[in-house]
Each structure stands twice: as C-alpha cells, then as structure tokens.
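>>> Sequence unavailable; structure follows:
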C-alpha cells in the first residue's frame with residue numbers, strides 16, 4: 001500500500017464559505033435554494049451562532065455537548081422542526097422517523113424486534129446477491145462503452161438490497177421498480193429549500209407540498225400497500241415470510257397488545273425503504289466519485305481488497321479486515337453526511353451556549369458544518385481516510401463525528417449500512433475502474449440527502465490492475 005504521506009492532498013467539491021451577505025447573494029443567484037451555499041464562513045468556526053438575517057431566529061449549533069443536549073432532548077423542548085415534519089408527512093406520516101415523545105417510544109418498542117432482521121450477518125446474503133445482479137449491468141456498460149450515472153447506479157443497487165431485506169423481493173418486481181422511480185421524484189422535489197419562506201416566514205406557519213410531490217407520495221404509498229398486502233393476503237398464510245415487513249406486521253404494543261394498522265404499516269415501512277436506501281446511496285455516490293477522480297485512492301482500496309479476499313468471493317468475515325475500505329467510507333461520511341441537517345425547534349425560550357433562543361427558533365444541528373469545523377478537525381476540507389486510523393485516534397474530537405446521529409434516536413440501521421457499503425465499495429473497486437466525466441462541474445447540494453447538484457456521469461471499464 002502507498003504510505004499516507006505520499007497521498008495527494010485532495011479537496012473534494014464543496015461551496016467555498018463566504019460572508020453572510022455574499023452567501024445569501026450566491027444562493028439567490030444560483031436559484032436552487034441550496035442551504036450548503038447559504039452557510040457563511042463563521043458557521044464553520046463558531047460553537048453556536050445565528051445564521052444570517054431572517055425573520056425567524058435560526059441558530060447553528062456545532063459544540064458537541066450542546067449538540068447532544070439538543071438531539072437527546074431530555075428537556076422535551078427540542079422536537080423535530082416542522083419543516084422536516086411537513087416535508088415527510090405525505091410519505092411516512094407520523095412514523096418513527098418524525099414522531100416525538102410517547103408516540104415515538106411506543107413505535108420504537110414495537111419495531112425493535114424487527115430491527116433484529118437488519119443484523120448484518122442475516123442480511124449479508126441479500127447484499128451479495130443484489131451486488132451480483134448489478135455487476136451484470138456494469139459488465140454490460142463496460143463492454144458497450146456506455147456512460148452511467150453514479151447516482152442512479154447506487155440508488156438502484158441500495159434500493160434492491162433494501163427491497164430484498166424488507167419485502168423478500170428484488171427490485172426487478174414491477175411494484176418495487178415503480179416505488180423506486182417515484183422515490184426519485186420525491187427526492188428531487190421535496191427538500192428544495194424555499195428561500196423566501198426560510199428567511200421571511202414566521203415560525204410554525206403551515207405550508208403545503210407541491211402537487212407533484214403529493215402525487216408521487218400517493219403512488220409510493222399505494223405501491224408499498226401492495227407489498228404490505230402480499231404479506232397480509234389470503235395466500236400469505238401458506239408462505240413463511242422471514243423479513244422486516246413480516247416482523248413489523250406481527251409487532252404488538254407491550255402495553256396494549258395492539259398491532260399497527262395498515263396505514264401505520266405503510267408509514268413505518270416507508271421509513272425503512274427511505275432511510276434504508278436513500279442515505280446509503282448518497283454516500284456511495286460520493287465514494288465512487290472520489291474513486292473515479294483519485295486513482296491512487298482507488299488503487300489502494302483495490303490492493304487491500306485483493307490482499308484480504310484475493311479474487312474470490314468477499315465474505316462477511318472479510319469486511320472487518322478491510323480497514324482502509326472502512327476508513328474511506330468513514331471519511332466520505334464525514335465530508336458528505338447523508339443527512340445534511342438535523343433541524344429542531346425551540347418550543348420555549350431557552351439558553352443555548354452564549355445565545356438565547358426565542359420560542360419558535362429553528363435550531364440547526366448540521367453534521368455538514370460539524371464535520372468541517374475548523375476547531376474540531378485538522379485540515380477539515382481535505383479527504384484524508386487515514387485520520388480514522390487507530391494510530392491517529394488522539395486527533396479525533398469526541399462527539400464531533402455524528403453521521404448516524406446521537407442518543408436514543410441514533411440510526412438503527414447504522415451497522416447494516418456500514419457493512420453494506422464496505423461490501424459494495426470492495427467489490428466494485430476490485431472489479432472496475434470508474435472515470436468521472438466533467439468532474440469540475442460536480443457540486444453538492446442539500447436535498448433530502450447530500451446529493452450532487454446534477455447527476456455524476458462516468459465511464460466504467462474492467463479493472464486493469
């Protein structure tokens with residue numbers, strides 16, 4: 001392997017922080033409402049500070065202890081921001097992803113047994129089978145000299161894995177494919193920031209999603225309903241389901257013994273599909289882009305995979321031995337956290353660090369700014385997978401790395417996502433060379449997840465070394 005000291009100092013694409021006024025002007029001129037471009041330079045330096053100029057108080061919190069206070073929310077005064085709830089309500093209702101308090105606790109207690117189905121040793125076969133199928137697509141693209149979209153490739157592969165894990169069906173089924181297509185519409189539209197509303201509207205002002213988003217959500221829920229019904233219908237009793245959907249269908253409240261209604265099942269399974277593929281697809285898109293533009297990183301990944309697994313199948317036990325693969329994934333998660341912002345709202349006047357937050361203030365916990373904070377990380381803008389090596393553990397600031405959240409609401413699928421991603425990175429890097437087309441035009445935006453502003457197109461070929 002190449003020594004880390006010989007690696008190129010690589011700064012992956014990101015908006016250059018400006019002053020608050022220049023940042024606002026940039027967003028207005030770009031016209032996308034991209035919150036990443038709105039973040040001023042001091043958002044990467046302050047422990048806690050106000051974001052620009054707006055009618056509504058918007059406070060960015062970066063200090064790890066304050067972040068934990070807000071996200072753990074023992075005081076019960078920092079629920080999820082209504083903008084997030086409104087955005088996701090047409091798709092997942094008042095499900096575990098957006099609910100708070102006693103409603104969330106009831107849902108989590110009912111769903112916890114189903115989360116055991118996401119144990120990676122049980123799901124690894126589905127991950128491998130889906131990757132087998134997608135390699136056939138990539139082999140054809142390599143033979144035919146076709147360009148591919150890295151975004152769509154990773155969305156398709158991770159959606160296939162989650163379909164197999166949740167519903168015991170591959171993405172080849174027509175219902176699953178239609179769910180995937182409508183999720184693309186939802187992802188592109190739902191999280192576009194309405195800048196005027198963010199700056200000029202008061203707190204708690206209700207807003208309605210655009211009709212195209214509502215229509216997509218209605219179709220998604222109808223398709224998810226078909227998949228739920230396949231587990232509930234008259235033929236279901238003769239089929240021994242062993243997947244996440246069947247576990248959630250069988251879930252009972254430990255207090256009342258009640259089960260989820262059909263609507264609640266669609267809510268909760270929508271969360272599994274959304275969180276189970278969209279977030280992982282986001283980070284894998286950025287991993288492949290980095291491999292497609294940094295040949296030395298790609299060669300180092302490939303060398304480790306071949307050292308650990310040779311040219312044979314990559315088994316579950318190989319994953320933990322691939323330390324550099326793991327660190328490439330972790331560093332990509334640092335620079336491109338799938339959930340860019342974790343917005344909360346202050347339900348009463350309260351003190352946050354040096355600032356007083358009014359009732360209704362938007363409290364913005366941003367993994368994006370925390371992971372790039374100049375006082376929390378060394379050379380935070382540079383891609384340096386070796387910063388996560390055990391030999392450099394002393395450099396890491398406790399609480400400054402939170403791609404999966406913190407506290408009781410930490411992502412339940414974190415282990416699943418890490419093994420899935422390591423497997424996909426290892427297999428694709430060993431088998432293929434990717435070459436990004438127009439890499440200078442690639443820029444991240446904050447949508448439902450941290451995505452490129454436009455699709456990243458790349459050529460794919462069989463690996464040459």
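All right, it came through fine. Fair warning: this is a prediction, and the values are worked out from it, not measured in the lab.

>>> is residue 457 in a bridge, and if so with what?
On the basis of DSSP bridges, residue 457 is bridged to residue 149.

>>> Next up, the contacts around it.
Residue 457 makes contact with 147, 148, 149, 150, 436, 437, 438 under the criterion CB atoms under 8 Å, 6 or more residues apart in numbering. Every C-beta, even on glycine, is put in place using the N, C-alpha and C of the backbone.

>>> cool, and residue 170?
Contacts for residue 170 (CB under 8 Å, 6+ apart) come out as 130, 133, 160, 163, 164, 176.

>>> One more: residue 365?
Counting by CB under 8 Å, 6+ apart, the residues that residue 365 touches are 61, 67, 70, 71, 341, 342, 343, 344.

>>> And the contacts of residue 170, which two are furthest apart?
133 and 176 (12.9 Å; CB to CB).

>>> Quick check: neighbours shared by those two?
Common neighbours of residue 133 and residue 176, counting by CB under 8 Å, 6+ apart, are 160, 170.

>>> neighbour-wise, which of those two wins?
The neighbour comparison of residue 133 against residue 176 (other CB atoms under 10 Å) goes to residue 176, with 24 against 15.

>>> quick one: the more buried one from residue 124, how far?
When distance is defined by CB to CB, to the nearest Å, residue 176 is 20 Å away from residue 124.

>>> Pull out the buried residues from stretch 216-231.
Applying a neighbour-count criterion of 16 or more other CB atoms under 10 Å, one finds 216-217, 219-221, 223-228, 230-231 buried in stretch 216-231.

>>> starting at the chain centroid, how far to the helix or strand harbouring residue 229?
Residue 229 belongs to helix 211-232 when elements are defined using DSSP states H and E. Taking the mean of its C-alpha atoms, helix 211-232 sits 22 Å from the chain's own mean (CA atoms, centre = their mean, to the nearest Å).

>>> what's the distance between the closest residue to residue 246 other than its chain neighbours and residue 46?
Setting aside the residues directly before and after it, residue 246 is nearest to residue 231 in space (CB to CB, 6 or more residues apart in numbering), at 5.7 Å. Between residue 231 and residue 46 the distance is 49 Å, computed by CB to CB.

>>> Also residue 307?
Distance from residue 307 to residue 46, by CB to CB: 44 Å.

>>> mind checking the SS state of the spatially closest residue to residue 308 that is not a sequence neighbour?
In space, and not counting its chain neighbours, residue 308 is closest to residue 321: 4.8 Å by CB to CB, 6+ apart. At residue 321 the chain is in coil, as set by DSSP: H, G, I helix; E, B strand; the rest coil.

>>> Could I get the pLDDT score of residue 321?
The model reports residue 321 with a pLDDT of 97.

>>> does it really touch residue 315, like I thought?
No. Checked against CB atoms under 8 Å, the pair residue 321 and residue 315 is beyond contact range at 10.1 Å.

>>> what distance separates the start and the end of stretch 384-404?
End-to-end distance for stretch 384-404, by CA to CA, to the nearest Å: 20 Å.

>>> And it, what's buried?
Using 16+ other CB under 10 Å as the test for burial, stretch 384-404 gives 384, 385, 386, 387, 388, 400, 401, 402, 403, 404.

>>> Mind picking the two most distant members of those?
It's 386 and 404 that sit farthest apart of the buried residues of stretch 384-404, by CB to CB, at 21.5 Å.

>>> The nearest residue to residue 412 once chain neighbours are set aside: helix or strand, and which one exactly?
Once flanking residues are discounted, residue 412 sits nearest to residue 115: 5.0 Å by CB to CB, 6+ apart. In this structure, residue 115 sits in helix 101-115 according to DSSP H and E.
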